[in-house]
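Enquirer: Sequence first, then the predicted structure:
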Amino acid sequence: MSLHLDILRRGAEHALSKRDDSLEPGQPGMPPEAALFFCTFMVAVLIMISLDYTVGQLMSSLAMIESPSTTLIDSKAPPPYTDEVELIPADEPAVPETLENKPTVITASILRTRRRLRQVGGFGGRWRGAWYAILYYSSHSVVSNALTHLLGLGLLGAMMVSTFVSLLLCRLHMSWTHAMISTTRQPWFPRGGRSTDFRTLLLPATVYALAEQASAALPLGVAFALRLYGPDSASHNAEVLQSGCPRAIMVLALRHLAVPATYAFVAIALVLPASVTLTRIEAVLLSEDQTTIVPFDKLAVVGDIDVTARGSARPLFKQAWRSFDRASRWRLVKLYIKLWSMQTLVVLTAAALVLLQLFMTGEERMTQILRNLRDAIKNAVADARKQPVDDVVGGN
């Protein structure tokens with residue numbers, strides 16, 4: 001360990017000795033330190049996005065539909081043939097001793113799931129359906145923002161519009177799910193599907209959209225109810241901290257912890273069951289000629305329900321959640337905990353690298369870099385405001 005620290009110290013001293021500190025105010029171009037900060041930030045953001053999609057979207061969808069099944073195997077091998085072995089009478093059939101053998105659950109391990117995705121789709125298998133995700137979220141954002149601005153709606157109206165747009169795009173969301181869970185490569189543009197799919201998806205898509213809005217509205221409502229945000233909140237918090245009263249400080253900390261606690265409760269109690277139910281119903285609607293990446297017991301979800309019949313949405317909705325047993329639910333929760341741990345590790349690593357870069361840069365040079373960056377932003381804004389005037393003058 002001491003050898004590694006010594007190597008790191010000597011490398012920092014060498015970098016500081018070879019550094020060019022002749023940075024003049026207003027000097028054009030990006031300094032090497034700023035480029036290094038930018039690269040560190042972009043790499044961390046790309047890793048976070050990749051983890052969020054691969055684990056938070058793709059692997060979680062596979063965990064929502066996987067149905068581990070038990071098989072029966074013969075645990076007693078037949079005896080070797082000898083002349084002394086008594087033959088079994090013809091009227092007594094041989095009954096081999098059997099026991100249950102539970103196969104390995106693929107989604108119980110991230111490495112095992114990634115290996116399975118690589119077997120099915122190659123190196124890019126960990127980003128299956130990414131094009132559909134881009135298409136869905138961009139369409140949802142454009143349509144929602146356009147309707148909100150055209151109608152001049154507030155926060156509550158924007159939530160209602162977002163829910164309505166989610167229902168309009170539920171078949172596109174189904175195509176995205178099929179692209180993630182199916183072994184068959186999906187077309188670049190989603191196909192129309194059956195006319196009865198929308199009727200089947202309407203109830204679970206509505207519940208999921210409302211749960212998503214609740215995950216944003218309820219924590220925000222708790223924050224405003226506890227007066228954590230407002231014109232007097234900053235001054236009130238400062239007074240509590242300056243008072244030095246342990247009880248008041250503890251109450252203030254608990255009030256601030258109420259917001260993430262509310263979000264976690266809504267995510268586990270509402271969003272997670274709604275997402276599981278929607279994903280399993282979307283998997284049921286996968287065409288018969290396509291297979292899933294992980295084992296999926298479609299009969300356990302459908303049972304004797306006729307999916308195409310009217311009035312089948314409610315019993316199918318209930319059965320889709322009931323068929324997702326407790327072990328599968330806990331496995332899904334552990335997957336999200338692993339995702340949060342990996343993202344936290346990425347953030348801490350990026351922060352450590354930034355602190356190391358700040359130490360190597362130095363306070364004076366870092367101050368000058370920030371001043372040059374501020375001046376560059378001001379000049380860019382001034383040029384952007386001046387450009388239309390110059391165009392008008394040149395046109396005349």
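Expert: Great, that's in hand.
Enquirer: which outside residues touch stretch 311-319?
Expert: 199-200, 202-204, 207, 277, 281, 284, 301-303, 305-307 (Cβ atoms under 8 Å, 6 or more residues apart in numbering). Any C-beta I mention is one placed from the backbone N, CA and C, and that applies to glycine too.
Enquirer: for it, what is the average pLDDT?
Expert: With pLDDT averaged residue by residue, stretch 311-319 scores 89.
Enquirer: what's the answer for stretch 142-161, then?
Expert: Per-region confidence: stretch 142-161 scores 91 on mean pLDDT.
Enquirer: What's the separation between the closest residue to residue 132 other than its chain neighbours and residue 170?
Expert: Nearest in space to residue 132, with sequence neighbours left out and distances taken as Cβ to Cβ, 6 or more residues apart in numbering, is residue 176 at 3.7 Å. Counting by Cβ to Cβ, to the nearest Å, the gap from residue 176 to residue 170 is 10 Å.
Enquirer: which residues of the stretch 151-300 of the chain score low on pLDDT?
Expert: 188-195, 230-241 (pLDDT under 70).
Enquirer: all helices of it, in order?
Expert: Counting by DSSP state H, counting those that start in this stretch, the stretch 151-300 of the chain has helices at residues 155-168, 170-181, 197-225, 233-243, 246-266, 272-284, 298-302.
Enquirer: Let me know which of those helices is the nearest to residue 135.
Expert: For residue 135, the closest of the helices of the stretch 151-300 of the chain is helix 170-181, at 6.9 Å, according to Cβ to Cβ.
Enquirer: Okay, angle between that closest one and helix 197-225 too, please.
Expert: Interaxial angle, helix 170-181 versus helix 197-225 (axes from the mean of the first three to the mean of the last three Cα atoms, to 10 degrees): 100 degrees.
Enquirer: which residues are contacting helix 170-181?
Expert: Applying Cβ under 8 Å, 6+ apart, the set of residues contacting helix 170-181 is 57-58, 61-62, 65, 128-129, 131-133, 135-136, 139, 166, 186, 190-193, 197-198, 201-202, 205, 278-279, 282-283, 285-286, 290, 292-294, 296.
Enquirer: go with 6 Å
Expert: Outside of helix 170-181, the residues within contact range by Cβ atoms under 6 Å, 6 or more residues apart in numbering are 58, 61, 65, 128-129, 132-133, 136, 186, 190, 193, 201, 205, 279, 282-283, 286, 292-293.
Enquirer: Next one: residue 208 from residue 345, what distance?
Expert: For residue 208, the distance to residue 345 - Cβ to Cβ - is 30 Å.
Enquirer: These two: which is more packed in?
Expert: The neighbour count for residue 208 versus residue 345, taken as other Cβ atoms under 10 Å, is higher for residue 208 (25 against 12).
Enquirer: now that one: how far from residue 183?
Expert: 25 Å.
Enquirer: returning to what we had before: more crowded one of residue 176 and residue 170?
Expert: Taking neighbours as other Cβ under 10 Å, residue 176 and residue 170 compare with residue 176 leading, 26 against 22.
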